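Chemist: got a structure for you, letters missing:
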């Protein structure tokens, strides 16, 4: 497997476009389209929030029926969430417009929205935007980058990646883009992730790979503890690489899964590290665990703790907060066996051993915790299982950004 330059348009047969219809006060691009002339198999995972946005309801219906998909239309600035039947009707209007512009069925179009909850879409502007997007489609790398920027809300930068691997003598490509910065919490978050591949793969294998990988990628990130109404991760496969079809029993299924994990893991880390107001990516590794479930629970509890996040913002090795977060996680462990270590590009320092503080150098700890990426390793010494969660520090800027979000 090789990481290559590119994003959503890197896989053969995929095009993208972006435009502005005035949903963002900045005037920047706020709509994007992803398109494949060849029909795609689709897999997706969606928010666990009971209050699901209209496009989530639309997409779930299409994906769960196994419908062929040709396009995804995305808008940023307005979430189309908590908008009732009118919001659902606007999904139909948008897809109908897209179908007419692209010469396909409206049920072959997926929709995503992100932004302010509770506002209705200016549907005339959206439909006009769909017409513009359909006329600007391109497979250029730059066009893919513009699309990745168009879906941003409070993100400080675009999030893109592409990888290739070999299958049956053919080069298979997986490219992706994502957005997400706030309202981020495990079990998905206010994130949109779009992954496109030219792999020839069965529907069963595509769905299995995506659903299994989300558990250890997008479901292991946290910024602020809020699970969104809109989070969606979509994986489209158009088969244009020409490789022999990969099934769940194929030797290459593992290669596909590894490549997909590389894409999803990178995008998940980018979302966590770009948390609203954040200054660092905070990685938590729970190791020596007796089960995968125990490891995931402990890692997520630490990454989600506001007290731990604020300690990271202050570059403070206040390790008692970490043990505390482990203790209320619901996972059983012996706190008198826990070892705790911090790592960054500036070094490594052991903070506690067997649940008791070591005589560590506070200045060195502060230096390590001042890096752009910090790793906290907790070892409960009960087994061989481990898990990783990603979060960020919690700063005053988070309040500033969200206090002013609508204004």
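Modeler: Great, that's in hand. Remember, predicted model here, so these are calculated numbers, not experimental data.

Chemist: quick one: the residue in the chain sticking out farthest from the centre and residue 338, what's the gap?
Modeler: Residue farthest from the centre of the chain, counting by CA atoms, centre = their mean, is residue 359 at 38.8 Å. When CB to CB, to the nearest Å is the yardstick, residue 359 and residue 338 sit 17 Å from each other. Quick note: C-beta positions are derived from backbone N, CA and C, even for glycine.

Chemist: Checking the residue farthest from the centre of the chain next. Helix, strand or coil?
Modeler: Per DSSP: H, G, I helix; E, B strand; the rest coil, the secondary structure class of residue 359 is coil.

Chemist: One more: residue 120?
Modeler: Going by three-state DSSP: residue 120 is coil.

Chemist: which residues does residue 297 contact?
Modeler: Neighbour list for residue 297: 329, 330, 331 [criterion: CB atoms under 8 Å, 6 or more residues apart in numbering].

Chemist: meant to ask about residue 296, not that
Modeler: Neighbour list for residue 296: 215, 216, 220, 286, 387, 389 [criterion: CB under 8 Å, 6+ apart].

Chemist: Farthest pair within those?
Modeler: 215 and 286 (14.6 Å; CB to CB).

Chemist: In terms of neighbours, single out the busier of the two.
Modeler: Remark: of residue 215 and residue 286, residue 286 carries more neighbours, 29 against 15, as counted by other CB atoms under 10 Å.

Chemist: Please name every helix or strand in contact with the helix or strand encompassing that one.
Modeler: Element membership of residue 286, judged by DSSP states H and E, is strand 281-289. The contact analysis (3 or more CB pairs under 8 Å, 6 or more residues apart in numbering; DSSP states H and E) places strand 281-289 against helix 252-273, helix 292-304, helix 306-313, strand 373-379, strand 385-392.

Chemist: how about the residue farthest from the centre of the chain, phi and psi?
Modeler: With angles defined as degrees, to the nearest 10, residue 359 sits at phi -90, psi 80.

Chemist: For it, give its distance to residue 350.
Modeler: 10 Å.

Chemist: For residue 158, the count of nearby residues, please.
Modeler: Neighbour tally, residue 158, other CB under 10 Å: 20.

Chemist: can you check the one 3 residues further on too?
Modeler: The burial count assigned to residue 161 is 24, neighbours taken as other CB under 10 Å.

Chemist: Just give the number of residues close to the nearest residue to it once chain neighbours are set aside.
Modeler: Nearest residue to residue 161 in three dimensions, chain neighbours excluded: residue 266, at 4.7 Å (CB to CB, 6 or more residues apart in numbering). Using other CB under 10 Å, residue 266 is surrounded by 19 other residues.

Chemist: Then residue 328?
Modeler: Neighbour count for residue 328, taken as other CB under 10 Å: 9.

Chemist: Show the pLDDT at the closest residue to it other than its chain neighbours.
Modeler: The shortest distance from residue 328 to any non-neighbouring residue, by CB to CB, 6+ apart, is to residue 301 (7.1 Å). Residue 301 carries a pLDDT score of 95 in this model.

Chemist: How about residue 211?
Modeler: Confidence score, pLDDT, at residue 211: 95.

Chemist: So it: helix, strand or coil?
Modeler: Strictly by three-state DSSP, residue 211 counts as helix.

Chemist: Can you name the residues bridging to the residue nearest to it when sequence neighbours are not counted?
Modeler: Excluding the flanking residues, the one nearest residue 211 by CB to CB, 6+ apart is residue 45, at 6.3 Å. Taking DSSP bridges as the rule, residue 45 bridges to residue 233.

Chemist: one step back: using TSV, lay out the contacts of residue 296 together with pLDDT and distance to residue 179.
Modeler: Shown next, in TSV, are these (pLDDT from 0 to 100; distance: CB to CB, whole Å):
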residue	pLDDT	distance to residue 179
215	92	21
216	93	21
220	91	18
286	98	28
387	97	25
389	95	20
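
Chemist: for those, which one is nearest residue 346?
Modeler: residue 389 (21.7 Å).

Chemist: Sketch out the helices for this protein, chain order is fine.
Modeler: Secondary structure of the chain (DSSP state H): helices located at 54-65, 84-102, 123-136, 141-150, 203-214, 252-273, 292-304, 306-313, 320-327, 362-368, 396-403.

Chemist: Could you identify which of the ones you listed is most buried?
Modeler: Neighbour counts (mean count of other CB atoms under 10 Å) averaged over each of those peak at helix 292-304, with a mean of 23.

Chemist: Pull up the gap between the residue farthest from the centre of the chain and residue 337, please.
Modeler: 20 Å.

Chemist: what does residue 47 give?
Modeler: Per CB to CB, residue 47 is found 37 Å from residue 337.

Chemist: which residues does residue 116 bridge with?
Modeler: Beta-bridge partners, per DSSP bridges, of residue 116: residue 78.

Chemist: That one reaches residue 80, doesn't it?
Modeler: No. With contact defined as CB atoms under 8 Å, residue 116 does not count as touching residue 80 (9.8 Å).

Chemist: who has more neighbours, those two?
Modeler: Taking other CB under 10 Å, residue 116 and residue 80 do not tie; residue 80 has more neighbours (32 against 14).

Chemist: Name all residues that make contact with residue 300.
Modeler: So residue 300 contacts 186, 220, 222, 284, 329, 389 (CB under 8 Å, 6+ apart).

Chemist: Also residue 340?
Modeler: Counted by CB under 8 Å, 6+ apart, residue 340 has contacts 319, 322, 323, 350, 351, 352, 353, 376, 377, 378, 379.
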